[in-house]
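>>> with the sequence up front, the predicted model follows.
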Amino acid sequence: MLESLRNIFKHLGGGFLYAFLLILRTPVDTLLCIINALFLKGVFEAMEQGTPEALARCCICFVAANGFVFLYNGILWGEFAVFSARMVGKLRLKFLDALQGLPLGRIEAMTDGVWITRGNADVKMTWDLLSGALNIPHFVFAIFRIAVASVIMYCISPLFLVIELAVIVPHVFLRHRYVVKPAEQLIQKAQKETEQTAVVASSLLAGGDTVRIFEAEGMLEDYYTESSLNIVRTRLKISVRKAWGEFMQLLLGRGGYLLLFLLGCEMVRRGGMNFGSLTAVLQYRGAMVAASMMLMNSLVEIKKNSVGMKRMEEVFDDKQ
Amino acid sequence: MSIHLSEAVFGYDEKKILDKVSLRVNTREHIGILGASGIGKSTLLKLLAGLYEVQSGICEVAGEREPVKIRKKVAMVMQTPGLFPLSIRDNITCGHPMSEDKIRDALRAAQLEEWVASLPDGVDSIVAERSGNISGGQAQRIAIARAIAKDAQVILLDEPTSALDEETARAVMKTLEYLTQGKTVVHVTHRPETLFGYDRILELKEGKLVARESEKYI
């Protein structure tokens, strides 16, 4: 996929700016998590020690730090939105240009409808992959967040990290095995069925004369209904798999939280750590869990949208 | 009388394509209609096929005047085969109940039997004109097999070989001979040589049908 990404940016340009903006955006979520954790730690410590000055300092720092991150993020988003709009326009133009340069046999191998769908869907998929929610940006953010949260947790107590990993790793494995992978296959099936429905619908419209003379309306309607029902059935199966995922998240996610909380309380009772540090640990734990989910969901979306990017790449490369 | 067109008028908006056209075609008569491209030959055929309705005048085909009823009595082979992206079987039956023997007969008459037998899924193989798994000649033959299977009284041909190379066109013409045997045929074309042996040849000129010397083409 990296090769395809490089290839797409070779055609489009702007690869370095994209990478630069992505790097600048990466620490935002992690920073917010650290700010929250430090704030809670500071607040609880100040309350324990009964120092209103420390509490006030904590609140002022919290507001200032959040303000800074929001401002930073806002400016970056603004820049990224402009960059995105330009790149989508460029992508469309490049696609049209590449299409005009394709060998005629390659164009005629597919119907106009398929090319129009590709012009819209593949451009969208490619740009979603590069900038959309739960795609490459969130994949990078998630990895960074997991890495930073793991290091901080390890520094607070290696045992916390071990417990958290003991919950997260099976969760990720089970979710991937029983939710993500089957859902991914079902999504592909639904896409194929959607294409089939579009082909039948275009036959009804484009082949109108033949349809009427040979009274083929009934047959095409039957196929259309069948493939539409298949789409509904497949989407229902996807929803069931997703519901299983939610259940797993509830069971393992909450289980891990409870385990960590009980261990932390015991450590607080024995004087091994204060309550402020425990709340901070729970914040990092939350960040790790959320980032793991984000990572898994991003992998699914990336895989799905990279199909569109691959097709775009083929069109770009086949241009004569 | 198989086709009776009297003072038929048809046009798009202000432009008259057919201006008081009259035509009588006897049962089992084969007539050819010549005319330059864009003159309205296909429009005339679509009127006879019940795809369009005359704005004034009479259009009667196989005793029917209602377009929906006319469509039941005709089969048409067009310049582009208009295949559905479904199986060969579906393209021939169009979803109507049909025996295996009838499908096989239609395939044999359209000289497709051997080719279909060589396909892994036989008559259930999926065909799509633009998918590259079928040639122009094969696609047109499937369209002819579909028309043969319909067994209509009136056969309408709209330049069925014009999109094919010379050799393929000759082979397709042979299968058309089977399709048109014993039927009333109206064949529109701009190529007189495809009307060899036709009973009458007319020409569409400025919205009117005029007779041509058929001997010229025989």
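Arrived safely, thanks for sending.
>>> which parts of stretch B:168-177 are buried?
Buried residues in stretch B:168-177, counted by 16 or more other Cβ atoms under 10 Å in any protein chain shown: B:168, B:169, B:172, B:175, B:176. Using the backbone N, CA and C atoms, a C-beta is placed for each residue, glycine as well.
>>> show the contacting residues for the last one.
Taking Cβ atoms under 8 Å, 6 or more residues apart in numbering or on different chains, we find residue B:176 in contact with B:77, B:144, B:157, B:160, B:161.
>>> need the max-distance pair from the residues you listed.
The two members of the contacts of residue B:176 with the most space between them (Cβ to Cβ) are B:144 and B:161, at 10.5 Å.
>>> ok, these two, which is more surrounded?
Taking other Cβ atoms under 10 Å in any protein chain shown, residue B:144 and residue B:161 do not tie; residue B:144 has more neighbours (27 against 23).
>>> where does the more buried one land on pLDDT?
Residue B:144 is assigned 91 on the pLDDT scale.
>>> just give the closest residue to it, not the sequence neighbours.
Once flanking residues are discounted, residue B:144 sits nearest to residue B:110: 4.7 Å by Cβ to Cβ, 6 or more residues apart in numbering or on different chains.
>>> counting neighbours, what do you get for residue B:5?
By other Cβ under 10 Å, the residues close to residue B:5 number 22.
>>> so it sits in a strand?
Yes: the assignment for residue B:5 (DSSP: H, G, I helix; E, B strand; the rest coil) places it in a strand.
>>> tell me the confidence at residue B:214?
pLDDT, read off for residue B:214, is 52.
>>> please apply the same query to residue A:146.
94.
>>> spatially central, which residue of chain B would that be?
residue B:157 (2.7 Å; Cα atoms, centre = their mean).
>>> checking that residue next. Helix, strand or coil?
What three-state DSSP gives for residue B:157 is strand.
>>> quick check: nearest residue in space to the residue of chain B found nearest chain A, chain neighbours excluded?
Among the residues of chain B, residue B:95 lies closest to chain A, at 2.5 Å counting by Cβ to the nearest Cβ. Nearest residue to residue B:95 in three dimensions, chain neighbours excluded: residue A:219, at 2.5 Å (Cβ to Cβ, 6+ apart).
>>> wait, is that neighbour part of a helix?
Yes: secondary structure of residue A:219 (three-state DSSP): part of a helix.
>>> I'd say it and residue B:97 touch.
No: if you go by Cβ atoms under 8 Å, residue A:219 and residue B:97 don't touch, sitting 11.2 Å apart.
>>> picking up where we left off before, let me have the contacts of residue B:176 in JSON lines, extended by secondary structure.
Shown next, in JSON lines, are these (three-state DSSP):
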{"residue": "B:77", "secondary structure": "strand"}
{"residue": "B:144", "secondary structure": "helix"}
{"residue": "B:157", "secondary structure": "strand"}
{"residue": "B:160", "secondary structure": "coil"}
{"residue": "B:161", "secondary structure": "coil"}
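>>> closest residue of the stretch 201-320 of chain A to chain B?
Closest residue of the stretch 201-320 of chain A to chain B, Cβ to the nearest Cβ: residue A:219 (2.5 Å).
>>> tally of neighbours for that residue?
A count of neighbours around residue A:219, defined by other Cβ under 10 Å, yields 21.
>>> any idea of the pLDDT on it?
For residue A:219, the model assigns a pLDDT of 92.
>>> residue contacts, it?
Contact partners of residue A:219, counting by Cβ under 8 Å, 6+ apart, are B:84, B:86, B:90, B:93, B:94, B:95, B:96.
>>> switch the cut-off to 10 Å
Taking Cβ atoms under 10 Å, 6 or more residues apart in numbering or on different chains, we find residue A:219 in contact with A:200, A:203, A:211, B:84, B:86, B:90, B:91, B:93, B:94, B:95, B:96.
>>> and the nearest residue to residue B:21 once chain neighbours are set aside, how far from residue A:180?
Computed as Cβ to Cβ, 6+ apart, the closest residue to residue B:21 that is not its neighbour in sequence is residue B:8, at 4.8 Å. Using Cβ to Cβ, to the nearest Å, residue B:8 is found at 65 Å from residue A:180.
>>> go on, residue B:113?
In terms of Cβ to Cβ, residue B:113 sits 49 Å off from residue A:180.
>>> among the two, which residue is more densely surrounded?
Ranked by neighbour count (other Cβ under 10 Å), residue B:113 and residue A:180 place residue A:180 first, with 20 against 16.
>>> do I have it right that that one meets residue A:292?
No: judged on Cβ atoms under 10 Å, residue A:180 makes no contact with residue A:292 at a distance of 11.8 Å.
>>> local confidence estimate at the nearest residue to residue B:121 once chain neighbours are set aside?
Leaving aside its chain neighbours, residue B:121 sits nearest to residue B:87 (7.6 Å; criterion: Cβ to Cβ, 6+ apart). Here, the pLDDT recorded for residue B:87 equals 91.
>>> check which residues of the helix or strand in which residue B:19 is found are buried.
Using DSSP states H and E, residue B:19 sits in strand B:15-25. For strand B:15-25, the neighbour count (16+ other Cβ under 10 Å) marks B:17, B:18, B:21, B:23, B:25 as buried.
>>> go on, stretch A:205-217?
Buried residues in stretch A:205-217, counted by 16+ other Cβ under 10 Å: A:207, A:209, A:210, A:211, A:212, A:213, A:214, A:216.
>>> among those, which ones lie close to chain B?
Residues of the buried residues of stretch A:205-217 in contact with chain B (Cβ under 10 Å from any Cβ of the partner chain): A:207, A:209, A:210, A:211, A:212, A:213, A:214, A:216.
>>> relative to residue A:297, which of the residues you listed is nearest.
Among those, residue A:207 lies closest to residue A:297 (Cβ to Cβ), at 40.8 Å.
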